[in-house]
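Colleague: no letters, just coordinates:
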C-alpha cells in the first residue's frame, strides 16, 4: 500500500494543498509485510487549485527520486537504482489519475481546465524524465552487473532501458534534445486535440417533421428551443439513432455534415502537425517512418505486415461488400422512385439508414422493438451476473461512495472461492456536458506490489448510453449491449491482473493485443442463452422472445462487408498518414473512402479532426482492432463456443490471459490459453469468408 492511515486524512491534506508525498513514502517504507489493501486512494473532491498543486508536488517528488537513482550509478543495486523507479511508477500513476481524469468526466469546466493544465504539466515532465541521460546510465550500470533477477524484475529493466532508447537518450546531445523538443510539442498538441473534442458542444435544431421516423422515446429525451424546434446534440445518443432511423434525407445529410466536421478548424491543423512531428522524431531515431517506429515493439512488427493484412482482408471482402452496397442502392432507388425522384448514388448519410433498413426488411430485425427488452438496469444486472459466474468473482455496490457525479456507481469485487478482495470499479454510464464522448475504460489505480503488500486495482467504465427520464427508461440498443460487454472486459483485465509491477498491470500489454480479451467477450452478446439472461421488458420483465433472438443472431453478419470495409478504411488511413512526412488528411480520406468504401466523402468534412484515437495513443495502431480480432475469435471458438458459461474455461482465461497483464509477451499468453499458436480460421469465418 502506498498511502496508509485514514483516507480522510489524505483527503484533507490534499484539500489544504499540503500533500507531503515524501512523508507518505516514509510510511510506505516503514510498513511491514502484509497481504492486500482494499483502500481506494483516489480523491474526487479536489478543487482546480488542488489539482494543479498536487501535480506540481508529484513532479517534484518524482524528480527528487530520479536524482537519487542517477546518483546510484557508481554503486548500482536493485534497492538504490530500480526499486525507487518502480515505486515512483505507482505513486505517479495514482496521483496522475486524480489530476488528469477529471478533464474527461467533471461537470465543472474550471476543474476540467485545471485537469487539462495538469495533464500538460505531467506530460511535459514525463518527456523530461524520458530524456534523462543520467538515469539511463545508472540503469545501464546496474544492468551491466548482470544481476541475478528474473521474471518481471528482469523484464522491467529490459523494457525501461528500451523505452529510454526509444526516446533517443543514447544518441548525441543535439539529437536527444531535438527528440525531446518534438515529444514535448507532440504531447501538448495531443492534449489540446482531446480537449477540443471533449469540449465540443455543437447543436442542430429540427422540427418534428424533419425528424420523421424517430420513435417517441427519442423525442421524450429531447429539449426544445424557444421556437418549438428540437435541440439535437452531436453526441452519440442523438447522432446514431438519427442516422439509422430518420426518414428525411436532408436531416441525415445535415447531421452527417455536422458530425463529421466536428472540431474541423481547431483539430485539422493539430493532427497534421502531429503527423509531421512524429515523422521527424522517427527519422531522428533511425526509423523510416513513424509507423515503423511504433510497430517495432508491436506484435505486427512492421507496417508492411499491417498493409498486407489490411489489403488481403479488403480484397477478400470486396465481393461481399459490393453485393451489400447493391442492395442498399436498390432500397434507395425504391424510396426515391416512390417519392417521384430520379435515382442517385449512395451518399455517406445514406449508409447507416439503409443498413438498418436491410436488417428490418431482409432479416425482420427491428432494433427499436428489441431495445424495449434491454432496460439498462436489467442489462447491467445480467452482465455483472455473467461476468461473476465466468471469472469466479462477486460484485457488491459500495453505498455512499465518494464519486465525481451523482450518476456514478462504485463496486467492489471479491473472489468467490476465498472471499479475498480483488479490486473496485466505477460505472459512469450517461452523457453530460463536457464528458468524454465515447465508451472507454480507465485504469485509475494499478494493481501491483510494493514491500510485499499488494495494492488493489481501481478502474472506471465511462459510457454514453441514453439517460433515463421521468417519462422514459434508458433502453439499450443491442449494439450498445455489445459495447457494454466489450468495455467491461477491459475493466476485468485491469481488476484480474496479478502483475507484480505497475508497468505490467492490467491492460499494459501490446497495443495490437489489448483489444483481444474484450473483443472476445463481445460474442456473449450474440449468444441466445446470454440474451435471455440480459433481457427483461420494463413493463413485465419478459425476456427477449425466441423468434426475435433467432432473427437477431441470424442478422449478425448483415452488412458485414460494409462494416469491416470502414474499419479497413480507418486502419489504412492511419497507416497512410503515418508512413508519410506530411499529410493533407482530408484529401487522403477522400481518396481512401472512395477506393475502399465505394462512396464519396462528403465535401467539407474531415473525420481526422474528431478521430480521437489519433491523439489518444492509437497513432499508427488503429489496425489493432482488426488484428487483435484474429486472436479474439480464435480464443472464443476454441474455449467458449460450446459453453459460454464454462467456469473451467473462465478460470483458464482469467489465469492465462488476464492475470499476467503485460508481464509476458502476448504471444506467450495466447499459446498458454489456446494450447497452440493462434490461427485465423475463426476470424475469417466470422466475416463470412472461407479460411
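Modeller: Arrived safely, thanks for sending. This one's a predicted model, so the numbers in the text were calculated from it and none came from an experiment. Numbering: from 1, shown residues only.
Colleague: ends of stretch 419-439, how far apart?
Modeller: Stretch 419-439 has an end-to-end distance of 31 Å (criterion: C-alpha to C-alpha, to the nearest Å).
Colleague: buried stuff in it?
Modeller: Using 16 or more other C-beta atoms under 10 Å as the burial criterion, the residues of stretch 419-439 that qualify are 421-431, 434-437, 439. Using the backbone N, CA and C atoms, a C-beta is placed for each residue, glycine as well.
Colleague: how about stretch 168-186?
Modeller: 168, 169, 170, 171, 176, 178, 179, 180, 182, 183, 184, 186.
Colleague: before we move on, the earlier item: let's see which of the buried residues of stretch 419-439 end up in helices.
Modeller: Per DSSP state H, helices hold no members of the buried residues of stretch 419-439.
Colleague: let me see the contact set for the residue nearest to residue 342 when sequence neighbours are not counted.
Modeller: In this structure, residue 342 finds its nearest non-sequential neighbour in residue 336, 6.8 Å apart by C-beta to C-beta, 6 or more residues apart in numbering. Listed by C-beta atoms under 8 Å, 6 or more residues apart in numbering, the contact partners of residue 336 are 342, 343, 344.
Colleague: so which of these is the closest to residue 196?
Modeller: Closest approach to residue 196 among the contacts of residue 336 (C-beta to C-beta): residue 344, at 34.5 Å.
Colleague: quick check: the gap between that closest one and residue 249.
Modeller: When distance is defined by C-beta to C-beta, to the nearest Å, residue 344 is 10 Å away from residue 249.
Colleague: just the residues contacting stretch 180-195, thanks.
Modeller: Where contact means C-beta under 8 Å, 6+ apart, the residues beyond stretch 180-195 that reach it are 103, 116, 119-120, 123-124, 126-128, 130-131, 167-168, 263, 267, 270-271, 273-274, 277-278, 280-281, 284, 612, 614-616.
Colleague: if we can go back for a sec, can you list the contacts of residue 336 in TSV and add neighbour count and pLDDT?
Modeller: Rendered in TSV, the data for those read as follows (neighbours: other C-beta atoms under 10 Å; pLDDT from 0 to 100):
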residue	neighbour count	pLDDT
342	7	97
343	11	97
344	12	97
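Colleague: residue 205: which of these is nearest?
Modeller: If you rank these by distance to residue 205 using C-beta to C-beta, residue 344 comes first, at 26.4 Å.
Colleague: and the closest residue to the closest one other than its chain neighbours, how far is that from residue 343?
Modeller: The shortest distance from residue 344 to any residue that is not its chain neighbour, by C-beta to C-beta, 6+ apart, is 6.8 Å, and that residue is residue 336. Relative to residue 343, residue 336 is positioned 6 Å away (criterion: C-beta to C-beta).
Colleague: got the contact list for the residue nearest the centre of the chain?
Modeller: Central residue of the chain (C-alpha atoms, centre = their mean): residue 440, 4.3 Å from the mean position. With C-beta under 8 Å, 6+ apart as the criterion, the residues that contact residue 440 are 462, 487.
Colleague: what's the helix or strand containing residue 127 in contact with?
Modeller: Under the criterion DSSP states H and E, the helix or strand holding residue 127 is helix 109-130. The set of residues external to helix 109-130 that reach it, using C-beta under 8 Å, 6+ apart, is 46-49, 51-52, 54-56, 58-59, 62-63, 66, 96, 99-103, 106, 135, 163-164, 167, 169, 180, 183-184, 187-188, 191, 195, 198-199, 434.
Colleague: off-centre distance for stretch 468-484?
Modeller: Put simply, stretch 468-484 sits 20 Å off its chain's centre (C-alpha atoms, centre = their mean, to the nearest Å).
Colleague: okay, buried residues for it please.
Modeller: Under 16+ other C-beta under 10 Å, the buried positions of stretch 468-484 are 472, 473, 474, 475, 476, 477, 478, 480, 481, 482, 483, 484.
Colleague: those residues in helices, which ones?
Modeller: For the buried residues of stretch 468-484, membership in helices holds for 478, 480, 481, 482, 483, 484, with DSSP H as the criterion.
Colleague: export the residues you listed to TSV and tack on distance to residue 575?
Modeller: As requested, those are exported to TSV (distance: C-beta to C-beta, whole Å):
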residue	distance to residue 575
478	31
480	29
481	31
482	26
483	25
484	30
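Colleague: out of the residues you listed, the closest to residue 447 would be?
Modeller: When these are compared for distance to residue 447, the smallest value, 22.5 Å, is given by residue 484; criterion: C-beta to C-beta.
Colleague: just checking, that closest one touches residue 474?
Modeller: No: with contact defined as C-beta atoms under 8 Å, residue 484 does not count as touching residue 474 (11.8 Å).
Colleague: return every residue with contacts to both of the two.
Modeller: The overlap between the contact sets of residue 484 and residue 474 (C-beta under 8 Å, 6+ apart) consists of residue 465.
Colleague: counting neighbours, what do you get for the nearest residue to residue 691 once chain neighbours are set aside?
Modeller: With C-beta to C-beta, 6+ apart as the measure, residue 681 is the residue that lies nearest to residue 691, at 4.1 Å, once sequence neighbours are left out. Here the count is done by other C-beta atoms under 10 Å, and residue 681 has 15 residues near it.
Colleague: equivalent analysis for the one 4 residues further on, please.
Modeller: Residues near residue 685, counting by other C-beta under 10 Å, number 14.
Colleague: show me where the chain has its strands.
Modeller: When secondary structure is read from DSSP state E, the chain shows strands at 36-37, 203-206, 223-224, 230-233, 393-397, 409-415, 421-428, 440-445, 448-450, 453-455, 458-462.
Colleague: which secondary element of the protein has the worst mean pLDDT?
Modeller: In the chain, no helix or strand scores lower on mean pLDDT, DSSP states H and E than helix 7-15, which sits at a mean of 39.
Colleague: any regions of the stretch 1-150 of the chain where pLDDT drops low?
Modeller: When residues are selected by pLDDT under 70, those of the stretch 1-150 of the chain lie in 1-38.
Colleague: can you rerun that using 50?
Modeller: Along the stretch 1-150 of the chain, segments meeting pLDDT under 50 span 1-20, 22-37.
Colleague: hey, where'd the helices end up in it?
Modeller: Per DSSP state H, counting those that start in this stretch, the stretch 1-150 of the chain carries helices over the ranges 7-15, 21-30, 48-71, 83-100, 102-105, 109-130, 133-144.
Colleague: helices and strands around the shortest one, which ones?
Modeller: In terms of contact count using 3 or more C-beta pairs under 8 Å, 6 or more residues apart in numbering; DSSP states H and E, helix 102-105 is assigned the packing partners helix 109-130, helix 173-199, strand 458-462.
Colleague: residue 588: which of these is closest?
Modeller: The closest of the helices and strands packed on helix 102-105 to residue 588 is helix 173-199. By C-beta to C-beta, the value is 17.4 Å.
Colleague: give me the distance from the closest one to the chain's centre.
Modeller: Taking C-alpha atoms, centre = their mean, one finds helix 173-199 lying 21 Å from the centre of the chain it belongs to.
Colleague: now the angle from that helix to helix 83-100?
Modeller: Counting by axes from the mean of the first three to the mean of the last three C-alpha atoms, to 10 degrees, helix 173-199 lies at 30 degrees to helix 83-100.
Colleague: and helix 173-199, what's its mean pLDDT?
Modeller: The predicted model gives helix 173-199 an average pLDDT of 97.
Colleague: residue 101: what's it in contact with?
Modeller: Counted by C-beta under 8 Å, 6+ apart, residue 101 has contacts 115, 442, 444, 460.
Colleague: would you mind confirming that the third one is in contact with residue 459?
Modeller: Yes: contact between residue 444 and residue 459 holds when scored by C-beta under 8 Å: they sit 6.1 Å apart.
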